[in-house]
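Colleague: give me a 3D structure for the following:
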Amino acid sequence: MRPFVAMDVLAEANRREAAGERIIHMEVGQPSAPAPAAVLAAARRAVEAGRLAYTEALGITPLRERIARHYRDAYGVEVAPGRIAVTTGSSGGFMIAFLAAFDAGDRIAMASPGYPAYRNIIAALGLEAVEIPVGPETRYALTPAQLEQAHADKPLAGVLIASPANPSGTMMAPDAIAALAAAAGDLGIRLVSDEIYHGLVYDGVADTAIRHSPDAIVVNSFSKYYCMAGWRVGWMVLPPDLVRPAERLTQNLYISAPDLSQRAAVAAFDSTAELDAVKAGYAASRSLLLDRLPALGFDDRLPVDGAFYVYASVRRFTNDSHDFARRMLAEAGVAATPGLDFDTERGNGMIRFSFAGATASMAEAMDRLTTWLG
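Modeller: Numbering: from 1, shown residues only. This is a model prediction of the structure:
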């Protein structure tokens, strides 16, 4: 399996911090804010109550019911709690989803650039990732025509979309999701939708794939908007035919998501005022980076509709973004992720900056880069 380079950069940044250096972290997409107060209070109550145990494989009933209610409140979509599966973060969700929906050797299409763990998990499970290059003409998203062409070249079993996407932050409009879902349905291709950055949208509207496809698998998590990255809890919305297969897989692979995290996560949905204040900080950091990065020479970037990333060109400085990121960490104390992690063909000229940290830290990073780049 290929490394997840963002985590390698984090490890090196942590080593430097342990040696006494001050590092500004822009390499990984994890909020710097703690979990909401209500989540922490719920966790304390659960610990004080005593026993933490295995739960049902698909998750505790109160959390599954609360997630189902979230779809009604946020999207106007009715989802039965029985279709919800609580997972160990979105990572656990993707593993269960791919194992439940596909057979060894199946081919799954996805946009490139894209989140590297998709293709790495797919490869580890004996599936084949079909990476389709996307660009500004499609707003960096797959189109029905691209899907149909890839399927005609060699049959596909699945297609994976992400909106907002990582590393770009770009979004698919609701009509674009609907068109791709319709094309996938016509071709007999299973749609998997990564919606982990819903809640973190600055331009446009985040729509859920289950509005457009009854057979879609939706993967989401409490790690991003809900500021619960280290709690390792997420969820899937499954079509009815995959609920029992997903349950059997979960029973055998990791039994259940953590009891403590599940109990605490119920409270996350009632913490929107606190979480939207955190999001306002991201919005301020986004504005800061979109203003200052082009002035530094990072003048070719993808649209930042949502999430907390800027994916920008380093071609003015180098054709080796991996070396650029290494030197930037060593010489400027700013950690970011080279583009080859997200695009094995074109990523040498790109780098991803995460602005999930405090706005003051993002401003300091821009000051350091100004000095470093001369």
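Colleague: make it CA atoms for all contacts and neighbour counts henceforth
Modeller: Will do.
Colleague: for the closest residue to Pro133 other than its chain neighbours, give its distance to Val334.
Modeller: With C-alpha to C-alpha, 6 or more residues apart in numbering as the criterion, Pro133 has its nearest non-adjacent residue at 4.7 Å, and that residue is Ser112. Shown here: Ser112 relative to Val334, a distance of 25 Å by C-alpha to C-alpha, to the nearest Å.
Colleague: now swap in Gly374 and tell me
Modeller: Gly374 is 15 Å from Val334, by C-alpha to C-alpha.
Colleague: with neighbour numbers in mind, choose between the two.
Modeller: Per other C-alpha atoms under 10 Å, whichever of Gly374 and Val334 has more neighbours is Val334, with 25 against 7.
Colleague: so who does Gly339 touch?
Modeller: Ser321, His322, Arg346, Gly347, Asn348, Gly349, Met350, Ile351, Arg352 (C-alpha atoms under 8 Å, 6 or more residues apart in numbering).
Colleague: just want the phi and psi numbers for Phe353.
Modeller: Backbone geometry at Phe353, expressed as degrees, to the nearest 10, gives phi -100, psi 130.
Colleague: please apply the same query to Glu131.
Modeller: Main-chain dihedrals, Glu131, degrees, to the nearest 10: phi -90, psi 120.
Colleague: that one - nearest residue in space that isn't next to it in sequence?
Modeller: Met110 (5.2 Å).
Colleague: what pairs with the helix or strand harbouring the one you found, parallel or antiparallel?
Modeller: Element membership for Met110 (DSSP states H and E) is strand 107-112. For strand 107-112, the paired strands and their directions (DSSP bridges) read strand 128-133 (parallel), strand 158-162 (parallel).
Colleague: hey, which of the ones you listed is tucked in deepest?
Modeller: With neighbours taken as mean count of other C-alpha atoms under 10 Å, these reach their highest mean count in strand 158-162, at a mean of 24.
Colleague: give me the contacts around that strand.
Modeller: Residues outside strand 158-162 that contact it (C-alpha under 8 Å, 6+ apart): 102, 106-111, 141-142, 171, 184, 189-195.
Colleague: what's the first helix or strand after that strand?
Modeller: helix 174-187.
Colleague: how far is that next one from where the chain is centred?
Modeller: 21 Å (C-alpha atoms, centre = their mean, to the nearest Å).
Colleague: report all helices and strands that the next helix or strand after it contacts.
Modeller: Counting by DSSP H and E, the next helix or strand C-terminal to helix 174-187 is strand 190-194. Contacting strand 190-194 under the criterion 3 or more C-alpha pairs under 8 Å, 6 or more residues apart in numbering; DSSP states H and E are the following elements: strand 158-162, helix 174-187, strand 217-221.
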